[in-house]
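In: Structure of the sequence below:
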Amino acid sequence: VYEYNDKFGLHGFVDNVKIDHENKIIYFNELKTTGKHISKFIYEIKNLKYDLKLAHYTRLLTHLFEDLLSNDYTLEIRLIVIDSYGHLIDFLISEETLHKYIHDYKRHLDDLTESFINASWKNPTYYKNTIVL
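Out: So this is what the prediction gives:
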């Protein structure tokens, strides 16, 4: 659990984390399945909010492994996807893409904080104190 602010904390369950101490890399792998052909999955990342999920897990892992990351470890984020045809693909999320995901995620959390402060749940993205990822 990571305390985002005095209004709420964040938690989540990651699929797979591996630490390579020799090369100073923390590997985070998010496993996904899709009923669509694997070639269509890239277009579903935003629709299914996987971008926000990856940013969420990145924030949690950055907090959890703060000591390693401050000692020159890097965090490598991957989506591993299998479709109903048995095709498998491994997406490495670039730093640039991840920064965009994190920026969007932070905006959602700030909006959620404002909703808490004002007790206003007009934004349909939020449902009674929850961002549904």
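
In: Show me where the protein has its strands.
Out: Secondary structure of the chain, counting by DSSP state E: strands at 2-3, 9-10, 16-20, 25-34, 74-83, 88-92.

In: need those in TSV with mean pLDDT and mean neighbour count, can you?
Out: C-beta coordinates here come from the backbone N, C-alpha and C atoms, glycine included. Formatted as TSV, these follow (pLDDT from 0 to 100; neighbours: other CB atoms under 10 Å):
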stretch	mean pLDDT	mean neighbour count
strand 2-3	65	12
strand 9-10	71	13
strand 16-20	96	12
strand 25-34	94	16
strand 74-83	94	17
strand 88-92	91	12
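
In: Out of the ones you listed, which gets nearest to D51?
Out: strand 74-83 (10.1 Å; CB to CB).

In: Counting by contacts, list what that closest one packs against.
Out: The contact analysis (3 or more CB pairs under 8 Å, 6 or more residues apart in numbering; DSSP states H and E) places strand 74-83 against strand 25-34, helix 50-64, strand 88-92.

In: For the second one, which residues meet the burial criterion?
Out: So that's helix 50-64. For helix 50-64, burial by neighbour count (16 or more other CB atoms under 10 Å) applies to 50-61, 64.

In: one step back: what would the helices and strands packed on strand 74-83 look like in JSON lines with distance to H103?
Out: Formatted as JSON lines, these follow (distance: least, CB to CB, whole Å):
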{"stretch": "strand 25-34", "distance to H103": "19"}
{"stretch": "helix 50-64", "distance to H103": "8"}
{"stretch": "strand 88-92", "distance to H103": "19"}
